[in-house]
Each structure stands twice: as C-alpha cells, then as structure tokens.
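Undergrad: After the sequence you'll find the predicted model.
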Amino acid sequence: MAQSYFSIPARSSSSLVKEPLLLNHGGEKRPKMGDVQGAYIEQKDRLIQALDSSKSILRELRRFNKEEWVVRYPILHEQSSAELSSLSRTKPRRSLRRSLRRSLSFADDPNNQTEVLYHPMRESLTRAVTLAPVSDAPEGIDIKLVDEGTCEGARLMSKDGDFNIFRLDLKLGPHGSTTSPAALVSHLEKSSIASLLDERIGASVNHMDKLRLRVEDTSSKVLVTGDLNSGKSTFVNALLRREVMPIDQQPCTTAFCEVHDAAENNGKEEVHLIKEGVVYSISDESTFTRASLADLETIVSDNEDVQPVLKMYLSDSRAPSESLLNNGVVDISLIDAPGLNRDSLKTTALFARQEEIDVVVFVVSAENHFTLSSKEFLGNASNEKAYIFIVVNKFEQIKNKEKCKRLVLEQIKQLSPRTYEDAEDLVHFVDSAAALRPYTANPAFDDLESSLRSFVLVKRSKSKLQPVMTYLSNLLSDVDLLVGANAIVAQSDLDQAKNDLMRVKPVLEQMKGNQELLEENLESVEELGAKKTDTRTKAILSSAIERVGQGLPGVDTTISLPAFPGFLRIWDYARDVRKALLASLDAAVKLAEDEARVTTSAGVKKIGELSDANLPEGVEKSRRVFMPEAMFSLRSGKKGLRRRPSTTATAVVAGGVHNLGIGLSQRSDMLDTSIFDIFDFHRLWPHFANDEKEAEDEASPTTALSVLSVGIGAFTMVGKQILGARDIINGIARISELLRNETTRRWVAPVLGILSVFVIGATAHLVYELPNTIPRTIGRRIRTSLVAIDENSTEDELFINAHAGRVSRETRKVLRDASLDLKERFRVAMEERGKELKNAEEMERKAKRALEYFVEVETKTGLIRNDAGLNSML
C-alpha cells in the first residue's frame, strides 16, 4: 500500500508573511519597522501554537511507543549504481528524477530490506516526505506528487532521507561513518531501539520547551563562536568599538562572556561572575559576584580550568541607529564563547548552549578556513538554524583574496546551503583588528555591522524565528518519516494477521469438532485390541491344556516328548515328560504373547493413522517408537522401591497360588515327580469319581492297567459295597475258613492257577503299556492342577484367565500410552492454534490501531505545517 501521508489542501493564507517594504532616499527598499513588528508578532504566535501542537504529538507518540506499539527505527539506504543502472533501463527517466528508490530496513532487523520509493516534497504540498513500497506504488504515482526537476524539499533532508532530529548513532566506525558495518544494533532488540528512540524524542520535547521560551523572549541572544585564534574576541571588541575582551596571541577567552547594555544594570558598567549551580538574577546578589571591567582579564585567567559564565554590562555612546546593544528596539546580548577545538568538554558545553541562541555569528580565520570542529558545529547547528552569520576574519592578510573567497564559499555551500544562497548579507570577509583603529575608515566592517543589525533587528523572523521554524520543520519531517515507515510495518502486520486468521481459525474449529470423535476412536482401538488379545490368549491356552491333558505337547512346536529310556530310568522319564509338557505350555504362552504383539502393532498403526488424520500440518510427529519385542519384558522398579505385587498376576497350580513371571518348566514345584505320575492309581477306584471330568476319564479307552484295576475292584466288591479295611480282614478270615473245607480245597487250586496266569499276563501287559500311559497320566495331573479352583482363589487367578488378563493388560497399556500421547499432542496442537489465533487477533487489533494512529499523526503534522507556514521552507 502506498503510504500517502496527508491530503493536499489549498495553500493557506497563513504562510510566512512577507515583510512590507518602503523606499529610502536612494531608492533602496527597506522594511517599515511597524509593519515588520506586526508580521513578526503574528508569525511568532503561529509558531508558538505549532510548538505546542508538536509537543502534544511527541508526547502522544512516546505514550503510544510505550503502551501500544513498539515504534521501530527505520533506515533508508541508497541503492548501488548497478541497481540504479538496471532500474534506468526499465523505468522512464522522468520518473527516476521525481522519486528516489531506496531500501528500507530497520535497526533491529538490518538484514531484512524492503524497496520503497522516497519522495521529498516541494513547498506546494503539505508533506515533507512520502514512503511507498515499490510493489504497491502504481506506475506514474510520482507524477501526481512531484514535478520535474530537483526537489527543493530535499535540501532539508539528508541525502539518504535519514533523520535529522531523531537520528541515532547506530553504526560503529570512524566519525560515525554510515558505511561502516553495524556492530552494535544488529544485536539489540526492538524494545531496546524503541527505548533509545524514546529518549531522543524526550530530548526533543525538552528542547522545544526551551525554543518556546526563546520565541516568547523579547530579547535576542547572539552567539559569537569559532575556532581557536580565529579572532572572536577581537570581533566582539570591534562591534563594541572598544577593547573590552582580553585578546592575545595565545587562546585567552575560556569563559562564556555575555555582554548586555548597561541600561539593564541601571547604567552601571561592571562584570557579574555567576556562581556555579545557581540561577542568575540581576536583582539577587547571592547569585553572582560583582567585579569591575578592569578585572576581567584577571578573572578569565584565574578561572581558566572551570570555564566561568560572566555577565558584562557595557555602555555604548553611539546612536541607536549605529549601536547593536543600544538599538532602541530589542534587548540584545552578545556572547563571546570559548574556541571550539580547545577541548572536547568546552566544545560540548558550547553545543548545549545552542538551544538558548537566536543568532549564531561564526568567526572563521581566512588563513585556516573551516576545521573539522567547525564543520561538526555547523552541521549540528543546521538542524534548526538554516541561516548562520559567517565572519571570515583576518582577510586583509590574505594575498589571493579571490581564491580565498571562492574556497570559503564552496565550503559554506556544503555546510549551510541556505546561508550560501544569502551570502551577500550573511557572509562577510573583514579584518576585525583594523576596525578598532581610530580615525580609520573600514567600509567592509561597516557593511558587516549594518547587515548584522538588519539580520538581528529588522529580519527577526529570519534571525529569531527562522531557527525555530527550521528545527520544527526538520522535526515534523522526522515524524513523517518515522510514522510513514511504521505505517508500512503496521500494514504488513495487518496483512500477516489476516492471513494467519484465515489459516488458523478453520483449523482450530475443525480440531474442536473432531476432538470428541477422536477420543471415541482411541477408546475403541484400545478396547478392541485388549478384547482381541484376551479372547485369543484364552483360546490358545485352552487348546494347549487340552492337548497336554491327552499327553501331547500344548502347541505344535519343536518341543517333543522324550524317548522311553527303560524301566531302570522310568523315574527320570516321568520327570522329563513332565518338563516337556510344561515347556509346551510355556510355548503356548509365548505364542499368545506373539499374537498379542501383532494385534498391538495393528492398534498402534491405527492410532498413527488417526494422528495423521486429526493433527494439523506443522505439528511435530511423535518421537515415541513402538518396539513390539519390548512387550512382556520384566521392568525393574525405581531404585530403592519394591514393586507392588499384582493380585491377578498369579495362577492356581496344584492347589497353590504362584507368580506367572517364571515359566512352568522352570518351577521346581511343578517339576516334582511322584509315584502318581507313573501309575494311574485313581483308576483302581473308579467308583470314587465324583465329578464330570473324572467320569469322562472313566470313559477313556481301556488299558491293561485299567483292566487290572477293574479285576481287582471286582474282588473288592461285595453286595455292591466298597470294601474297607475291616471288610478286607473279614474277607481273609472267611477265605481261611473256606480253605479248611475239603471241597473247597479241591476247586481253589485251579482257581488260583487261573488267577496267577491272569495276574502275570496283566502285569506283563501293564509293563508293556507303561511308556504310553505315563504322558497321559502326567498330562491329566497337570491339566487338573491348572484348571482346578482352589477354595482360596478365584476364577481370574486360574492359569488361563490370569495369562489372558496379563496379556490383554499389556496390550491395553501400550495402546493407552499411544492414545494418551496422541491426545496430549492433539491438546497441545489445539492449544498452540488457540494461542496463535489469539495472537493473530491481537496483532490485527494493534495493527489496525497503529495504522489509524499513524494516519492521524500524518494529518496533524500536515495541519501544523500549513498553519505555521512551514511549507515555504520545503
């Protein structure tokens, strides 16, 4: 957006009033004193109003800088010759003459530059300068703003469009060179630059207070300064037409000697030595010490190191039309200041006194011209004093006078262009010492004195008000540049805020709408994964236990039953069989865990898909990496703390509760072998079976051992009653009675033979089938121990249920951790988008307010220029 500072109103009639003229006897035009005084008062009132309005702007700018917007310090850079050459081939020459292409950057961000068009204005416009981004400036916009030719307004601006009053020394280099690299400010924050700028604006407010006092003061102060040994004191003596100031070949004036008309001191000539640290008052003798004029040289020499301030009251017997002090119109004071290059402290003090000075009379030696100290002083003074009265002293001693004049005027043209334009009245080549010679005509000095009287008395609008107007014009130009550059920043921030709002607001609303659905999906993934692993684990372990109950390995793995080693090692065989069957159950648990890992991996993948679908762009991906192999691993507790045992991480085994952390094949209590693992004694008493499972076992295929059991059982059955110990004794007694009977003895022998053969055959068959029955016997015992419910345990603590719960909990834990991570990242992302939205809204509000404020300031500065007649200075 092209930053157009002000509208272009019609030229106000309140511009600088021209001085009315009259003709003298020689035909020379001279102003009427009454009309001049009236015009002066009118212009003074307008200028006072402009100062008050400008101070109000600066105070509001400081408040705005501190409370609402950090005002940034702009820097305009000239483009290189190569860039200008490229531009000249693409843009008409007329347009190039009317606008200056610059690179705009800011002190806190020097590397970020924006191309702008810088337009210094002519006096027909109320703006001092216009900045417009090149990308936004329409072709031909400069035709409406600037006429052809060199812009007169550029004379009040530095060649780069830099600041005059608000300039900060932000570069390090010889003599503050602007071409040296930035070594300080690039590391400063915006707030630090704004603080420096605030101090500079505050100093300007204080300076304007002093300017207002100067404008309201009816008297005029004339400062006579220059380099050492340039003849300042001699010049003052020549103006007074008497040798009052001490003069010597060596520098002798180290004090500020302020000369007043003796009429202000009741006509008495004397010196008042102002006491340090007090405010001088001629009516309060406690503020000064009286001394005679004869003591002046002694006072100066005795106080050389302290730089005293002296008030001198002198009488001038000349007529008011000839005298500067006793002029009959305005109270005038002449200030003879120390030399500029005496030392830095005195030079700094002299610069400070410029705020109190109306007219600067700069004395330069014709022999030395302008030194570095002179150039620095004049550059500083030009901020408010466009016109400086210059005295080139000791001119009579120069042989080649024309060359001297030419060189001096060339330097003045560079240092003070306005002074150069009016050089006929403001630049005088004289010899002050010759003017003190009695009865000697000195027309050059007489002409100087006449011009000085006219400049101070008649042209008071130029001598007294013009410096204030110049300062105010430069100040408003700085304000224009400052707010114009910051208006570009505000517009950029506003555009960025709107773009951020368009980008962030829909994303945030979508996230708010999807939050509940995301949580439901995550809970569903967690529940389905845990339920699936629970169901699958129970199925795998149930199948494995059934297979073990049949004497087979629990899973089809590399685990196999050991070979029968023979009857001599039948006990070891039973132990190895038990260990193999238990190891197969451990393998079944491992298989269930492996399938749980697959199920969990699928759940984690699903959560990742939900993450990609619900998290906005730019959110960092989760750094959590799921490692399936890490599931079900033992986790050590924190150092110094014992892990709390889980109430469900147990299983009922052989009537006891045991931890599941150790495999069945590694537990000594499960590996213990007994006689019941070898012989199926429960088959001997099949009628004792009292549960369905044992009833099912009775229905299993008949073996030799079962036959023998049935046979023996048959002998123990009497009247369908189970024989106890007493029945057995009674049976033996009855058998012994039968054997006493002869008849009985006859058929007993054959029966016993048959029974012996049957027992021997059954025993042989039993021994032959024993390697096959041991795995089934042990398997049934293991199955019974794992599925039987102890009176002190619950169903959840059974082997199958405990492992199913453990595996499903591990799956749930992993999925829950992944869900919680996604929920947290979703929450953080939504919170960040909320903050980003809030910041964008705040930036939009501040940028709008700043843009409105800067436009308002631009309008106010334009009105001040117009009302105070400052447009004629552009």
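TA: Yep, that arrived. Residues are numbered from 1 along each chain as shown.

Undergrad: did I read that right, residue 257 in a strand?
TA: Yes. Residue 257: assigned to a strand according to DSSP: H, G, I helix; E, B strand; the rest coil.

Undergrad: wouldn't it be in contact with residue 338 here?
TA: No. Using Cβ atoms under 8 Å, residue 257 is not in contact with residue 338; the gap is 9.6 Å. Just so you know, the C-beta spots here come from the backbone N, C-alpha and C atoms, and that holds for glycine as well.

Undergrad: got any ranges where the stretch 501-650 of the chain has weak pLDDT?
TA: Low-confidence segments of the stretch 501-650 of the chain, defined by pLDDT under 70: 634-650.

Undergrad: backbone phi and psi for residue 288, please?
TA: The phi/psi pair for residue 288 (degrees, to the nearest 10) reads phi -150, psi 170.

Undergrad: Tell me the bridge partners for the nearest residue to it once chain neighbours are set aside.
TA: The spatially closest residue to residue 288, leaving aside those adjacent along the chain, is residue 272, at 4.1 Å (Cβ to Cβ, 6 or more residues apart in numbering). Beta bridges link residue 272 to residue 290, residue 311 when assigned by DSSP bridges.

Undergrad: What count of nearby residues applies to residue 272?
TA: 21 (other Cβ atoms under 10 Å).

Undergrad: doesn't residue 308 make contact with it?
TA: No. If you go by Cβ under 8 Å, residue 272 and residue 308 don't touch, sitting 10.6 Å apart.

Undergrad: Next, residue 220: phi, psi?
TA: Residue torsions, per degrees, to the nearest 10, at residue 220 are phi -130, psi 140.

Undergrad: Which positions are bridged to it in the beta structure?
TA: Residue 220 forms beta bridges with residue 332, as assigned by DSSP bridges.

Undergrad: For it, give its distance to residue 869.
TA: Relative to residue 869, residue 220 is positioned 21 Å away (Cβ to Cβ, to the nearest Å).

Undergrad: Could you do residue 228 as well?
TA: Between residue 228 and residue 869 the computed distance is 40 Å (Cβ to Cβ).

Undergrad: Could you confirm residue 104 falls within a strand?
TA: Yes. According to three-state DSSP, residue 104 belongs to a strand.

Undergrad: in terms of contact, does it touch residue 116 like I think?
TA: Yes. Between residue 104 and residue 116 there is a contact under Cβ under 8 Å: 4.6 Å.

Undergrad: Just want to know which of these two has more residues nearby.
TA: Neighbours per residue (other Cβ under 10 Å) separate residue 104 from residue 116, with residue 116 holding more: 28 against 23.

Undergrad: Quick check: pLDDT value at the more buried one.
TA: On the pLDDT scale, residue 116 is placed at 72.

Undergrad: and it, what helix or strand is that in?
TA: Element membership for residue 116, per DSSP states H and E: strand 109-120.

Undergrad: same question, residue 493
TA: Assigned by DSSP H and E, residue 493 belongs to helix 466-549.

Undergrad: swap in residue 326?
TA: Of the helices and strands defined by DSSP H and E, none includes residue 326.

Undergrad: In terms of helices and strands, where is residue 197?
TA: According to DSSP H and E, residue 197 maps onto helix 190-216.

Undergrad: pLDDT of that helix, averaged?
TA: Average pLDDT, helix 190-216: 87.

Undergrad: Over to stretch 328-348?
TA: Rounded mean pLDDT across stretch 328-348 is 70.

Undergrad: In contact with the residue nearest to residue 288, which residues?
TA: Applying Cβ atoms under 8 Å, 6 or more residues apart in numbering, we find residue 272 in contact with 280, 282, 288, 289, 290, 291, 310, 311, 312, 313.

Undergrad: for these, which one is nearest residue 207?
TA: residue 280 (21.2 Å; Cβ to Cβ).

Undergrad: Run a quick check on the closest one versus residue 274, I expect a contact.
TA: Yes. Between residue 280 and residue 274 a contact is recorded at 4.8 Å, counting by Cβ under 8 Å.

Undergrad: Between those two, which contacts overlap?
TA: Contacts common to residue 280 and residue 274, judged by Cβ under 8 Å, 6+ apart, are 287, 288, 309, 311.

Undergrad: and those, which are buried?
TA: Among the shared contacts of residue 280 and residue 274, those classed as buried by 16 or more other Cβ atoms under 10 Å are 288, 309, 311.

Undergrad: quick one: the first one and residue 271 touch, right?
TA: No. No contact is recorded between residue 288 and residue 271 when judged using Cβ under 8 Å, the distance being 9.2 Å.

Undergrad: Please enumerate the shared neighbours of the two.
TA: In contact with both residue 288 and residue 271: residue 311, using Cβ under 8 Å, 6+ apart.

Undergrad: ok, residue 582 - how many residues close by?
TA: Count around residue 582 with other Cβ under 10 Å applied: 23.

Undergrad: mind listing what it touches?
TA: Taking Cβ under 8 Å, 6+ apart as the definition, contacts of residue 582 comprise 663, 664, 665, 667, 670, 671, 782.

Undergrad: between these, which is nearest residue 324?
TA: residue 663 (118.3 Å).

Undergrad: any idea how far the residue nearest to the closest one when sequence neighbours are not counted lies from residue 671?
TA: Leaving aside its chain neighbours, residue 663 sits nearest to residue 586 (4.1 Å; criterion: Cβ to Cβ, 6+ apart). Separation of residue 586 from residue 671 (Cβ to Cβ) stands at 12 Å.

Undergrad: of these two, who's got more company?
TA: residue 586 (18 against 14).
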